[in-house]
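[1] generate coordinates for the sequence data below:
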Amino acid sequence: MGVTHDARQWAARVVAGHHLIAVEDFKPRFLAKSSRMARKAADAAIGAGKRELIYRGVRAGRKVVLVPPAYTTMTCSGCGTRAKERLGLGIRIFECAACGYTADRDLNAARTILATAERVRASADDVRHAIASFRDGGSDAVRAGNPPDSSVGKR
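    Below you'll find the model as predicted:
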């Protein structure tokens with residue numbers, strides 16, 4: 001038993017409780033920078049979890065949407081406005097200058113990812129294409145576009 005077994009159990013619990021599975025489509029290789037072994041272990045665990053979640057979600061007939069990570073920590077989940085500057089990793093609280101919404105940065109990003117996946121209109125920006133093969137693993141997951149910048153055109 002190891003990473004794969006744990007990933008399977010976790011993915012099964014998530015899929016059982018949700019009809020829409022929103023997965024941030026990021027490359028985990030930048031997360032652990034402490035040592036080569038720690039980085040490889042983190043990459044393997046996150047990659048296994050992501051693969052299992054997508055596989056089990058599609059197999060169970062759930063809607064699985066891959067959301068690009070760009071701007072997820074910069075976009076307000078309350079009003080959709082994108083912050084003008086990136087948040088440093090030391091900043092743990094997201095504060096929207098437009099509407100005043102405040103939340104933990106990770107919670108705000110998770111809500112932004114979910115909102116992107118829930119959008120029902122299908123355009124070139126929202127849904128790029130159905131993936132015939134998810135990174136050699138085979139998947140019917142949908143890849144969503146970046147959240148729109150609602151501050152464009154505003155003065």
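
[2] which strands and helices lie in contact with the longest helix seen in the chain?
    When the chain is parsed with DSSP state H, its longest helix is helix 36-59. Applying 3 or more Cβ pairs under 8 Å, 6 or more residues apart in numbering; DSSP states H and E, one finds that helix 36-59 contacts helix 3-17, strand 20-24, strand 63-67. Backbone N, C-alpha and C define where each C-beta goes, glycine included.

[3] what angle sits between that helix and helix 3-17?
    Using axes from the mean of the first three to the mean of the last three Cα atoms, to 10 degrees, the direction of helix 36-59 lies 40 degrees away from that of helix 3-17.

[4] can you pull the buried residues of helix 36-59?
    39, 42-43, 45-58 (16 or more other Cβ atoms under 10 Å).

[5] do the same with stretch 11-20
    So, applying 16+ other Cβ under 10 Å, buried residues of stretch 11-20: A11, V14, V15.

[6] just the CA trace of it, in CSV.
    Coordinates of each C-alpha in stretch 11-20 appear next as CSV, following Å, rounded to 0.1, in the frame of the first residue of the first chain:
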residue,chain,number,x,y,z
ALA,A,11,-10.8,9.9,-5.0
ALA,A,12,-13.5,7.3,-4.3
ARG,A,13,-14.8,9.4,-1.3
VAL,A,14,-14.7,12.7,-3.3
VAL,A,15,-16.5,11.2,-6.4
ALA,A,16,-19.2,9.5,-4.2
GLY,A,17,-20.2,12.9,-2.7
HIS,A,18,-20.1,15.2,-5.8
HIS,A,19,-21.6,15.4,-9.3
LEU,A,20,-19.2,18.0,-10.6
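
[7] on that earlier part again, for A110, which of the helices and strands packed on helix 36-59 is the nearest?
    strand 20-24 (8.4 Å; Cβ to Cβ).
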